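Visitor: Sequence and predicted model, in that order:
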Protein chains: 2
Amino acid sequence: MKPLRTFEDMLELFRAKATSKRVVIISPNDEHTEFVVKRCADEELINLTLVFDGGESDELKQFCRNSKNGKITTLSCADTAAAAAMGVKIVHDGEADVLMKGSLSTDVLLHAVIDKEGGNGLIEKGKTMSHIAVTESKVYDKLLMVSDVAVIPNPTLEQYDSMIRYDCDVCRSLGISSPKIALIHFSEKSNPRFPICQIYDELKQRAAANAYGDMSLDGPMDVKSACDKESAQIKHISSPVTGNADVVIMPDLEAGNTFYKTISFFGKARMAGLVTGTCAPVVVASRADSAESKFFSLILACIAANK
Amino acid sequence: MKPLRTFEDMLELFRAKATSKRVVIISPNDEHTEFVVKRCADEELINLTLVFDGGESDELKQFCRNSKNGKITTLSCADTAAAAAMGVKIVHDGEADVLMKGSLSTDVLLHAVIDKEGGNGLIEKGKTMSHIAVTESKVYDKLLMVSDVAVIPNPTLEQYDSMIRYDCDVCRSLGISSPKIALIHFSEKSNPRFPICQIYDELKQRAAANAYGDMSLDGPMDVKSACDKESAQIKHISSPVTGNADVVIMPDLEAGNTFYKTISFFGKARMAGLVTGTCAPVVVASRADSAESKFFSLILACIAANK
């Protein structure tokens, strides 16, 4: 299969898979989330459940009432915390495949997702929660994934191991049978002075021992060596990954967040993303993301959801 | 003065200052450096000294012989190490204002620049060596500076202090009388769990106490809040710096290098840069940089040179 080039390609793939997905959206009270609801209502394969917290607009309530029978289910809660808990419980009970955050704060949502006390959260014991962003840039000839731009400040070896597994899963759900993953560092030299280089060496040994299945893992290398063949050639480095990465793994959250903000603002790239390590994908787009970005994040999550 | 928008504006500023600069280039043996030599030969205000190491082309030697009387001085050494030492000594002795690396490796050049044994190096006692990059992007309405994308892996408080002073100096040489400097972090929340936030707080206290003269220092904030007014507004943060930074200071070299590679490759930005903290600016462009980028780095260094 040819690698996906655009978010529209991703939407076509979702439609072609022809598998219905049940999506829960908590607190759809803002314009962006309303846009997502209306866009999803046009998708045959998406069944929506909206958890209201009292802040929803009359227009949205009207829209839901007019939607085709059974297409949109609505539930009502007294406040955002209750809405978050109810939305999470639906996913926890296996009644939905994807969870999406509306206008409530990420803290309130994640509190319900983790749910240390109640036992209704979405994190399986021992699992690492991480984030995968997908970028669509005009200067790169396929979608590019990146971990982690949002959740883990300084990943440990085992957290990196989990991130690679999640990236491979998402790549394969997008049709990339043998993902090419680049381990990012500011230099191509593996220097034991920097702990990240030792972690990368260990990860490469695991990849060589087939821990992650059919894939290529290479690094350390910088972002340009990972994505620009010419730069890699000038530096005389070459592997299946150089200049052709499907995924870039960031050395820390400072670099990850900087990559995300720089490629979106200065590179005018379109962005989507999802939280992984939970029993179902969770879409936690940030306030500054566009409505379109939120819709494509949801499509990505629907593709990545296994159920 | 209106902020500079392009590298051509920077060149115009250099010409308008009408101050001659003496430039030493070590080992001009590659095509890019030959381009720089020829471009500089057209600039009235630049007096060139080329330090040959035996690897220079016959064509370049011919070009130098044909240049106007006194415009290009050539010196010959037996090898790159000797050429590096000679070039550095000329600057050390005050006979040149700017040093530029040709085709020799950065390690060999920096060995001569540091020159621990010989005492002819360019680093004054107690001074921090750092790097400033300047980016020209179509989506930002002025040149944007960034520290440090090349030299210091994890800056200490005092190294950050030095970086801010160097950034202010370069900004002022470019006509920015009151530089706006953003301290980059993945969040706008100052969290004592992350040592960088404590460093940023201390730097802001120093700025408030007028340690850096007329300027604005703000952070922590992410790259988008620093450069995109709309993002800052959505996050309800506002200061003279948000959406309008002249300089972004990176939390570590991983983030700095990632910013540099991402804005240049995905953002198609043009890049220039120089090493600061030395007694004269040093241009150490990397192999993957374009010839044009190397020329504008040299112009930047000529403007930044005080002598």
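Guide: Done, it's in. Numbers count the residues shown, from 1 in each chain, chains lettered A, B, ... in the order given.
Visitor: Just want the most central residue of chain A.
Guide: A:L274 (2.4 Å; Cα atoms, centre = their mean).
Visitor: List the residues that contact A:F35.
Guide: A:291-292, A:294-295 (Cβ atoms under 8 Å, 6 or more residues apart in numbering or on different chains). Quick note: C-beta positions are derived from backbone N, CA and C, even for glycine.
Visitor: now do A:P192
Guide: A:Q198.
Visitor: neighbours around the nearest residue in space to A:I176 that is not next to it in sequence, how many?
Guide: Excluding its sequence neighbours, the residue lying closest to A:I176 (Cβ to Cβ, 6 or more residues apart in numbering or on different chains) is A:D246, at 5.4 Å. A:D246: 24 surrounding residues under other Cβ atoms under 10 Å in any protein chain shown.
Visitor: Would you check that A:D246 makes contact with A:K180?
Guide: Yes - using Cβ atoms under 8 Å, A:D246 makes contact with A:K180 at a distance of 4.9 Å.
Visitor: ok, now how distant is the closest residue to chain B within the stretch 51-200 of chain A from A:G243?
Guide: With Cβ to the nearest Cβ, the shortest gap between the stretch 51-200 of chain A and chain B falls at A:F186, namely 3.5 Å. According to Cβ to Cβ, to the nearest Å, A:F186 and A:G243 sit 18 Å apart.
Visitor: How about A:R65?
Guide: Distance from A:R65 to A:G243, by Cβ to Cβ: 53 Å.
Visitor: again, but for A:L99
Guide: Counting by Cβ to Cβ - A:L99 and A:G243 are separated by 36 Å.
Visitor: quick one, which of those two is more surrounded?
Guide: A count of neighbours by other Cβ under 10 Å puts A:L99 above the other of A:L99 and A:G243, at 32 against 21.
Visitor: who's the more buried one bridged to?
Guide: A:V24, A:V282 (DSSP bridges).
Visitor: which ones are touching it?
Guide: A:23-24, A:26, A:87-88, A:91, A:113, A:122, A:278, A:280-283.
Visitor: Just flag the most distant two among those residues.
Guide: Pairwise distances across the contacts of A:L99 (Cβ to Cβ) peak at 15.5 Å, for the pair A:V23 and A:V113.
Visitor: Tell me which helix or strand A:A133 sits in.
Guide: A:A133 is part of strand A:130-136 when elements are defined by DSSP states H and E.
Visitor: strands paired with that strand, and their directions?
Guide: Partners of strand A:130-136 in the sheet, by DSSP bridges, are strand A:144-147 (antiparallel), strand A:270-276 (antiparallel).
Visitor: Make CSV from the ones you listed and add mean pLDDT to it.
Guide: Shown next, in CSV, are these (pLDDT from 0 to 100):
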stretch, mean pLDDT
strand A:144-147, 98
strand A:270-276, 96
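Visitor: Identify each buried residue in the helix or strand hosting A:G87, please.
Guide: Secondary-structure assignment from DSSP H and E places A:G87 in helix A:80-92. Using 16 or more other Cβ atoms under 10 Å in any protein chain shown as the burial criterion, the residues of helix A:80-92 that qualify are A:80, A:83-92.
Visitor: Out of those residues, which is nearest to A:V36?
Guide: Out of the buried residues of helix A:80-92, the member with the shortest distance to A:V36 (by Cβ to Cβ) is A:G87, at 14.5 Å.
Visitor: Is that closest one in contact with A:A112, as I believe?
Guide: Yes - between A:G87 and A:A112 there is a contact at 7.4 Å, judged by Cβ under 8 Å.
Visitor: Close to chain B: what parts of the stretch 101-250 of chain A are there?
Guide: Contact residues (Cβ under 8 Å from any Cβ of the partner chain) of the stretch 101-250 of chain A with chain B: A:137, A:139-140, A:153, A:184-186, A:194, A:196, A:222-224, A:227-228, A:230-231, A:234-235, A:250.
Visitor: So which of those residues belong to helices?
Guide: Here DSSP state H is the test, and these give A:196, A:223-224, A:227, A:230-231, A:234 as lying in helices.
Visitor: Just give me the least confident of those.
Guide: Taken together, these show their lowest pLDDT at A:I234, with 85.
Visitor: Measure how buried it is and give me the count.
Guide: Neighbour tally, A:I234, other Cβ under 10 Å: 15.
Visitor: so what's it up against?
Guide: B:287-288.
Visitor: so who does the closest residue to A:D214 other than its chain neighbours touch?
Guide: The shortest distance from A:D214 to any non-neighbouring residue, by Cβ to Cβ, 6+ apart, is to A:S178 (4.6 Å). Going by Cβ under 8 Å, 6+ apart, A:S178 touches A:214-216.
Visitor: Equivalent analysis for A:V247, please.
Guide: A:V247 touches A:144-147, A:167, A:171, A:179-182, counting by Cβ under 8 Å, 6+ apart.
Visitor: go on, A:S147?
Guide: By Cβ under 8 Å, 6+ apart, the neighbours of A:S147 are A:130-133, A:163, A:166-167, A:247-250, A:256.
Visitor: Recalculate using a threshold of 10 Å.
Guide: A:130-133, A:155, A:159-160, A:162-164, A:166-167, A:170, A:181, A:247-250, A:256, A:276 (Cβ atoms under 10 Å, 6 or more residues apart in numbering or on different chains).
Visitor: Strands - which of those residues land there?
Guide: A:130-133, A:181, A:247-249, A:276 (DSSP state E).
Visitor: Using PDB, list the CA coordinates for stretch A:106-125.
Guide: The C-alpha coordinates for stretch A:106-125 follow below in PDB (Å, rounded to 0.1, in the frame of the first residue of the first chain):
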ATOM      1  CA  THR A 106      -7.700  18.300  30.000                       C
ATOM      2  CA  ASP A 107      -7.000  18.000  33.800                       C
ATOM      3  CA  VAL A 108     -10.700  17.100  34.500                       C
ATOM      4  CA  LEU A 109     -10.700  14.500  31.600                       C
ATOM      5  CA  LEU A 110      -7.400  12.900  32.600                       C
ATOM      6  CA  HIS A 111      -8.500  12.700  36.200                       C
ATOM      7  CA  ALA A 112     -11.500  10.500  35.000                       C
ATOM      8  CA  VAL A 113      -9.300   8.600  32.500                       C
ATOM      9  CA  ILE A 114      -6.800   7.700  35.300                       C
ATOM     10  CA  ASP A 115      -9.500   7.300  38.000                       C
ATOM     11  CA  LYS A 116      -7.200   5.900  40.600                       C
ATOM     12  CA  GLU A 117      -9.900   5.500  43.200                       C
ATOM     13  CA  GLY A 118     -12.900   4.300  41.300                       C
ATOM     14  CA  GLY A 119     -11.400   1.600  39.100                       C
ATOM     15  CA  ASN A 120     -13.400   2.800  36.100                       C
ATOM     16  CA  GLY A 121     -10.400   4.400  34.300                       C
ATOM     17  CA  LEU A 122      -9.000   3.500  30.900                       C
ATOM     18  CA  ILE A 123      -5.400   2.700  31.900                       C
ATOM     19  CA  GLU A 124      -4.600  -1.000  32.100                       C
ATOM     20  CA  LYS A 125      -2.200  -1.900  35.000                       C
END
